[in-house]
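Novice: With the sequence up front, the predicted model follows.
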Amino acid sequence: MFDSKRIALLGTLAALNSVVRLLGAGVAGIETAFALIIIAGYVMGARFGLALGALSITTSAFMSGGVGPWLPFQIIAAAIVGFGSGLLPKPNNMTLKKLTMSLYAIFAAYLYGALMTAWTWPLIAGGTVLGFEEGADAFTNLINFFTYELVSGGLLWDTGRAVTTVVLILLTASTLTTTLERAATRVEVKVEL
Amino acid sequence: MNSRALAIAKQYLFLALLVVAVRAGFRFLFGGLSLDSLWFGFRDGVWLSLWVLAFGALNILFDFSKIAGRIPGRFGTALSIAINLVPEQARNIERIRYASKLRSDRRGLKLIRRVIAPALRTSVDGSLELAASMETRGFGKAKQQIPMRGNKVSFQYPRDAKKYESIELEAGTVTLISGPTGSGKSTLLKLASGLAPHFTGGRVDRSTPRPNQLARFVAYVGQNPARSFVAATVYEELAFAPKQLGLNLEQVEQLAERFTLTDKLALDPRTLSAGWQQRVAIAASLTAGAKTLLLDEPFSMLDGQGREALLALLKLLKSSGFAIAIAEHRTAILIDLADIGVSLGESQIANAKRLETKANPELHKFKPVSVSYGRNVVFKDLEVSIPKASISVLTGPNGSGKSSLLRALAAQDSALVPQPAADLLFMNTAREELEQADKDCHLEIGTAQKLLERLVPNFPLGNNPSDLSEGQKLALAIAIQLGQNRPILLLDEPTVGFDEAAKSRLAELLFEITKLGKTVLLATHDHEFAKQISCHTISMGGVNVRQ
């Protein structure tokens, strides 16, 4: 599955993506790395998307000194986003493809946000009415979590991520999918006996 | 303290303060509005921020990007490639951003597609070349190595679809494979290294060995050595093949010495000059012990000095018993070195017309231009004038400032086609590109297409830009750039990757353009082409410019 061609493509795209990510870094809510992870996962398949998500985040963290306890969470969350993209239905029409990816991008942006909040939530909101309550039922804790997301501005951040990703997908998906589909056909070589 | 450490320190200090403020704020607002809860929150926040600061310190003291190369396994290699390619990708994006500004002065969101589409296309092409270099050096799970008998390598290739011909490479000889682009020179070498059909598509027989099964016997260096590097240093690059194949690293030191690379072992191969990159790529292909060396157009990226050095190196390898095959359309260079010549296809070289120039041409005078990198002044108040409605050439070795001069002149009502011209292309078909060009210049749809059809009859307008030949990409880029109706056309190294036939077609094309009343100035280090195409030459050597 991961032969030299895929490994080289993976490394090259992760490098491109971390440059793209660092270009957008610093502006609140702007996250430019997701569009390529989603588009590449969509075209090249779930396993490729998973690997690209994980590698993109690792590369940009290694390059910018962003290694910390959050890194494993970021890697796992981005890998899930890439994996999910590979499982999406693939209609024949480009507009429908864009729509599918955009809807998924919105879902993925909030999913990523929720996964990232999940581990900071007990640390920041512990001991408050918005924190995790031991022994309380799941529903109460979910409400607490959601309120915390709302109050802490996490949802605002996720919305920024969703908007940037959708805009990037709408603008670039048609050319990028064509380029990657062509790459995919060059990567596969049919074995005839 | 260096700038990296400073940037990280700032980032983490900000994060630490944020953590304290947020934790204290939350505890105070939602955990009972009392001084006590503010204090608890503050205390927790300080604890958390100490953790944050500890990780900041770790990142400053320990550069994680340096350990990427030591992570084993395929994904370790992918991570190492990614980290080593980041600076190059940043440069690519910068270059493409410049190119897209040449095409139109759109800003903001629309610019994203114009940058990201060519960047992705370049990445995909580059990754395939990189994969070829990795696999010919043994990357991947090779079931077994396929040994060669004796000191002869022979392989067959189909000619005229049915007839197979066999070529033998003998130890201590150089075989020159010549022929125009498209005649199958590269394919021949790829067959010999196992890259065809595994990397080119087509029918794969179960018995066809993969490139990594031949790694210990056949060494291959592609057209673009700069795109073949995996590792962060020259040493790691040379050690890549033996590590993949589980061989010992003795060869590395020996080959480094033989290739006079000993003082460059700690450097990043991507930062070396084209000549040294070529040398590193050849050395890296041989560290697995191969005695057969296949080189695809090794002279195309080199200037005069680089060519001499490569010739000397090849002579040395030949005398120490290597069997060498070189695909090259510049046969003159190798005439002394080659023992055997294989010529593929009929050469359709039509000599380019030497263009007539008027006795006293009217001159186009550019305003004086200056270029400097930081404090280093390349040239100052340089005055350039070229004859109108004809072709002029800017020559000089690599790095003499030709591109910088063109960039400076591009600001003066001129259309510049950068190298590579594909940087300008971001749509799915050539026709869409031309329509976009018309839209950008507020022209009637079809204007650019008419121009292109006049320059190149029967242009395949429905093709994806990646399917066009280098010559067609260039013609398309020229049509797009001329749509802006500027009187001057500037071309940066337009002949890179062109064979003689493509060059003479380019000469015809440029001649057609001058007939439209346009003035052409092109930068090239290809002296033969420069001599063919123009009488008016500006040569740049180092800092001095003479006309």
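Specialist: That came in fine, so what should we check first? Just so we're clear, the structure is a prediction, and the values are computed from it rather than from any experiment. Numbering: from 1, shown residues only, chains lettered A, B, ... in the order given.
Novice: Can you list the buried residues in stretch A:44-58?
Specialist: A:44-46, A:48-58 (16 or more other CB atoms under 10 Å in any protein chain shown). In short, each C-beta sits where N, CA and C put it, glycine included.
Novice: Quick check: the gap between A:Thr128 and B:Asp36.
Specialist: 13 Å (CB to CB, to the nearest Å).
Novice: And these two? Which one has more around it.
Specialist: More neighbours surround A:Thr128 than the other of A:Thr128 and B:Asp36, with 21 against 11 (other CB atoms under 10 Å in any protein chain shown).
Novice: Make sure the more buried one is indeed in a strand.
Specialist: No: under DSSP: H, G, I helix; E, B strand; the rest coil, A:Thr128 falls outside any strand and is assigned coil.
Novice: Skipping adjacent residues, who's closest to A:Thr100 in space?
Specialist: Using CB to CB, 6 or more residues apart in numbering or on different chains and skipping the chain neighbours, the partner closest in space to A:Thr100 is A:Leu88 (5.4 Å).
Novice: again, but for B:Phe199
Specialist: Among residues not flanking B:Phe199 along the chain, B:Ala132 sits closest, at 5.4 Å (CB to CB, 6+ apart).
Novice: wait, isn't B:Ala338 in contact with B:Ile177?
Specialist: No: with contacts counted by CB atoms under 8 Å, B:Ala338 stays clear of B:Ile177, the gap being 9.6 Å.
Novice: between those two, who's got more neighbours?
Specialist: The neighbour count for B:Ala338 versus B:Ile177, taken as other CB under 10 Å, is higher for B:Ile177 (26 against 22).
Novice: Name the SS class of that one, please.
Specialist: Three-state call for B:Ile177 (three-state DSSP): strand.
Novice: Would you mind confirming that B:Glu500 is in contact with B:Glu328?
Specialist: No: assessed by CB under 8 Å, B:Glu500 is found out of contact with B:Glu328, at 11.8 Å.
Novice: quick one on the thing from earlier: let me know whether the residue nearest to A:Thr100 touches A:Tyr104 as I believe.
Specialist: Yes: look at A:Leu88 against A:Tyr104 with CB under 8 Å: they come within range, at 5.7 Å.
Novice: who's more crowded, the two?
Specialist: A:Tyr104 (22 against 17).
Novice: How about the contacts made by that one?
Specialist: Neighbour list for A:Tyr104: A:38, A:84-85, A:88 [criterion: CB atoms under 8 Å, 6 or more residues apart in numbering or on different chains].
Novice: Closest to chain B out of the residues you listed?
Specialist: A:Ile38 (13.5 Å; CB to the nearest CB).
Novice: next one: phi and psi at that closest one?
Specialist: For A:Ile38, the backbone dihedrals (degrees, to the nearest 10) come out as phi -70, psi -50.
Novice: Which pLDDT does the model give it?
Specialist: As predicted, A:Ile38 sits at a pLDDT of 97.
Novice: How many neighbouring residues does it have?
Specialist: 30.
Novice: Contact partners for it?
Specialist: When contacts are counted by CB under 8 Å, 6+ apart, A:Ile38 touches A:49, A:81-82, A:85, A:101, A:104-105, A:108, A:165, A:169.
Novice: on that earlier part again, tell me which element the residue nearest to B:Phe199 falls in.
Specialist: helix B:109-136 (DSSP states H and E).
Novice: if I've got this straight, B:Leu521 is in a strand?
Specialist: Yes: counting by three-state DSSP, B:Leu521 is located in a strand.
Novice: Tell me how many other residues surround it.
Specialist: Neighbours around B:Leu521, by other CB under 10 Å: 25.
Novice: from memory it sits against B:Ser385, does it?
Specialist: No: here B:Leu521 does not reach B:Ser385: they are 10.5 Å apart, not a contact under CB under 8 Å.
Novice: before we move on, the earlier item: now for B:Ala338 and B:Ile177: what residues contact both?
Specialist: Counting by CB under 8 Å, 6+ apart, the contacts common to B:Ala338 and B:Ile177 are B:Ile326.
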